[in-house]
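>>> Quick one, structure for this:
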Amino acid sequence: MSRFTNIKVFDFRFPTSSTLSGSDAMNPDPDYSSAYVEVRTDADDGIKGVGFVFTIGRGNDVVCKAIESMGDRLVGMEVEPLLDDMKRAWDLFVHDSQLRWLGPEKGVEHMAIGAVLSALWDIKAKRAGKPLWRLLAEMEPEELVSTLDFRY
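Now for the predicted structure:
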């Protein structure tokens with residue numbers, strides 16, 4: 001079994017407000033930005049998972065901190081049980097009793113969860129030797145549906 005060993009988060013910002021690129025009536029000065037995460041394991045394959053979410057500038061640092069917080073939960077955990085049951089990975093973050101009141105299904109927490117889960121799906125696809133779209137397309141319907149949360 002391999003374990004998660006390292007989570008790195010990067011705060012990328014693009015000064016698009018200087019040219020008003022992407023501006024509109026609701027977003028007059030966006031600086032399109034990305035909170036980017038790399039998830040590493042101690043597996044011999046050297047695979048790292050990457051995920052990211054976008055913001056429009058201020059607040060990107062808040063999303064980065066939320067990703068770091070979630071990443072701290074992963075470090076030391078076994079990789080395979082989460083990759084074998086991606087619903088379990090979802091539940092690990094969405095049902096975190098300490099973060100529940102922050103709204104893990106909306107806002108900053110939801111964005112951070114999306115970035116981390118994208119990195120885990122990336123590892124799963126790379127280990128299967130397939131692009132993620134193909135991995136998902138080739139899953140049996142029951143397997144794909146088992147990754148979803150149907151509480152609502």
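>>> all strands of this structure, in order?
Using DSSP state E, the strands assigned to the chain run over residues 4-13, 33-41, 48-55.
>>> Now do the buried residues in stretch 11-23.
Buried residues in stretch 11-23, defined by neighbour count with 16 or more other CB atoms under 10 Å: 16, 17. Glycine gets a C-beta too; all of them are placed from N, C-alpha and C.
>>> Off-centre distance for it?
23 Å (CA atoms, centre = their mean, to the nearest Å).
>>> ok, now stretch 45-59?
7 Å.
>>> residue ranges with poor pLDDT in this structure?
By pLDDT under 70, the chain has no low-scoring segment.
>>> pull the longest helix from it.
helix 107-128 (DSSP state H).
>>> Nearest spatial neighbour of the residue sitting nearest the centre point of the chain, chain-adjacent residues omitted?
For the chain, residue 115 is the residue whose C-alpha lies nearest the centre (CA atoms, centre = their mean; 1.8 Å). Nearest residue to residue 115, sequence neighbours excluded (CB to CB, 6 or more residues apart in numbering): residue 51, at 4.2 Å.
>>> repeat for residue 56
residue 30 (3.9 Å).
>>> what does residue 91 give?
Here the residue nearest residue 91, using CB to CB, 6+ apart, is residue 149, at 7.5 Å.
>>> List the contacts of the closest residue to residue 42 other than its chain neighbours.
In space, and not counting its chain neighbours, residue 42 is closest to residue 5: 4.9 Å by CB to CB, 6+ apart. Applying CB atoms under 8 Å, 6 or more residues apart in numbering to residue 5 gives the contacts 40, 41, 42, 75.
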